[in-house]
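K.L.:
Based on what follows, work out the 3D shape:
(one chain, ligands or ions: 1)
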Amino acid sequence: MSQQTALSFTITAKDAASHARSGIIRTRRGEFETPCFMPVGTQGTVKTFTPKELEELGARVILANAYHLYVRPGLDVIRSSGGLHKFMGWRHSILTDSGGYQIFSLASLRKVSDEGVSFNAHFDGKEIFLTPERVIEIQELMGSDIAMVLDECPPHTATEKEIERSLKRTHLWAERSKAAHKDKTQILFGIVQGGIYPRLRKESLERIVYLDFDGYALGGLSVGEPKEVMCELIQDIAPQMPCDKPRYFMGLGSPLELLEAVSYGIDIFDCVNPTRSGRNGTAFTHRGKVVVRNGAYANDPKPLDPDCSCYACSNFSRAYIRHLFNSSEILGPRLVSYHNVHFFIGLMKNARGSIIKGKFLDFKKDFEHNYDEKHR
Ligand SMILES: [Zn+2]
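P.N.:
Residues are numbered from 1 along each chain as shown. From the prediction side, this is the model:
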């Protein structure tokens, strides 16, 4: 029943005053420490980064999206290139998201049944039919180190009844995914759904844990529901997730929310926020967000974040980066993205260090004290 051969997860420290923990996850490609932030490479590239730059920033695991890569360039291209790692030139761990969220949010003309989901690809309209078994097979063939099951992702506006119905299918699909998963050197995570309803989240957690996955993810949160509702839910559900397995919060992307989730015992995060905001000229800093295109920075010699030691902050001023954006120079989005990914990876690294030193809540409080959500 157990797949312990695929995954090794060691908890290196536990915070006495919260649920926060630090750990090491070993995949067949190597290890990475938790809590950790995974840069997002939906299309097999973390936008604007070379793999070498990601390595320099300390990234040892990134996320790619099986759905996107399956519709373009397709499995044949990836397989004849020797698998996803070789195709994209990345030698460390890759987690592939199944693409459930994308299928249910991007693709059009969906027909969903218990058997699977048929839809038209979001960019060329080609009709595709995917079953939970096929989604596992696709991730095995791509060769990612951590795979995710296919789940149904209802909108955050769904009623309790609708979520209840959807959960039945998500649980059925999880069971079939587990049965279909053949490559035991690949880690497989189950996904807990249940919308904003604590009762349904708990039920989902029990059903998914019963299937005995290598790790557990929280899906379908941070999709538009009020922030307080989400925080209450993580506070309630995260500590109930199995202690000895990695816990992954899918798609959470504000620095304050990440630290909050770490305090409830979450280990892994991903979000497009650092790269997407970076391309728009918004930097995450220790004082809050800086929209570098604002006129206020026209003559500002300070770096994006005076408390940051990254390459972008060590060498360039806000005035220069603003000039790059105003001149539509590609280096602008590159530098802000670089700083942002450094910031998120660094935030998790510092959280980890503080957990090991037994000072996580002090670190969290200091960070919150300095970080102004409204800073511009
Ligand atoms: Zn920086």
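
K.L.:
all contacts plus neighbour counts: C-alpha atoms, from now on.
P.N.:
OK.

K.L.:
From Ile266, how far out is Leu233?
P.N.:
13 Å (C-alpha to C-alpha, to the nearest Å).

K.L.:
neighbour-wise, which of these two wins?
P.N.:
Neighbours around Leu233 and Ile266, counted as other C-alpha atoms under 10 Å, are more numerous at Ile266. The numbers are 29 against 17.

K.L.:
and Leu75, what are its phi and psi?
P.N.:
Per-residue torsions, Leu75: phi -60, psi -40 (degrees, to the nearest 10).

K.L.:
Quick one: name the residues of the chain near the ion.
P.N.:
Residues of the chain lying close to the ion (C-alpha under 5 Å from the ion) are 308, 310, 313, 339.

K.L.:
Just name the closest of the residues you listed to Gly281, please.
P.N.:
Minimum distance to Gly281 across the residues of the chain next to the ion is 10.9 Å, recorded for His339 (C-alpha to C-alpha).

K.L.:
residue ranges for the helices of the stretch 101-250 of the chain, please.
P.N.:
With DSSP state H, counting those that start in this stretch applied, the stretch 101-250 of the chain shows helices at 132-142, 160-180, 198-210, 227-237, listed in chain order.

K.L.:
Of the ones you listed, flag the one that's most buried.
P.N.:
helix 132-142 (a mean of 22; mean count of other C-alpha atoms under 10 Å).

K.L.:
In helices, which of the residues of the chain next to the ion appear?
P.N.:
Secondary structure defined by DSSP state H assigns 313, 339 of those to helices.

K.L.:
Make a markdown table out of the residues of the chain next to the ion and add neighbour count.
P.N.:
Listed next are these as a markdown table, based on neighbours: other C-alpha atoms under 10 Å:
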| residue | neighbour count |
| --- | --- |
| Cys308 | 17 |
| Cys310 | 20 |
| Cys313 | 20 |
| His339 | 25 |
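
K.L.:
quick check, nearest of the residues of the chain next to the ion to Arg199?
P.N.:
His339 (40.0 Å).

K.L.:
Next, the contact list for the residue in the stretch 1-150 of the chain positioned nearest to the ion, please.
P.N.:
Closest residue of the stretch 1-150 of the chain to the ion, C-alpha to the ion: Leu57 (10.7 Å). Leu57 makes contacts with 341-342, 345, as judged by C-alpha atoms under 8 Å, 6 or more residues apart in numbering.

K.L.:
now do 7 Å
P.N.:
His342 (C-alpha atoms under 7 Å, 6 or more residues apart in numbering).

K.L.:
Likewise for Leu233?
P.N.:
So Leu233 contacts Pro198 (C-alpha under 7 Å, 6+ apart).

K.L.:
do you know how far it is from the ion?
P.N.:
From Leu233 over to the ion the distance is 32 Å, taken as C-alpha to the ion, to the nearest Å.

K.L.:
from here on, count from 25
P.N.:
Sure, I'll start numbering at 25, so the last one becomes Leu257.
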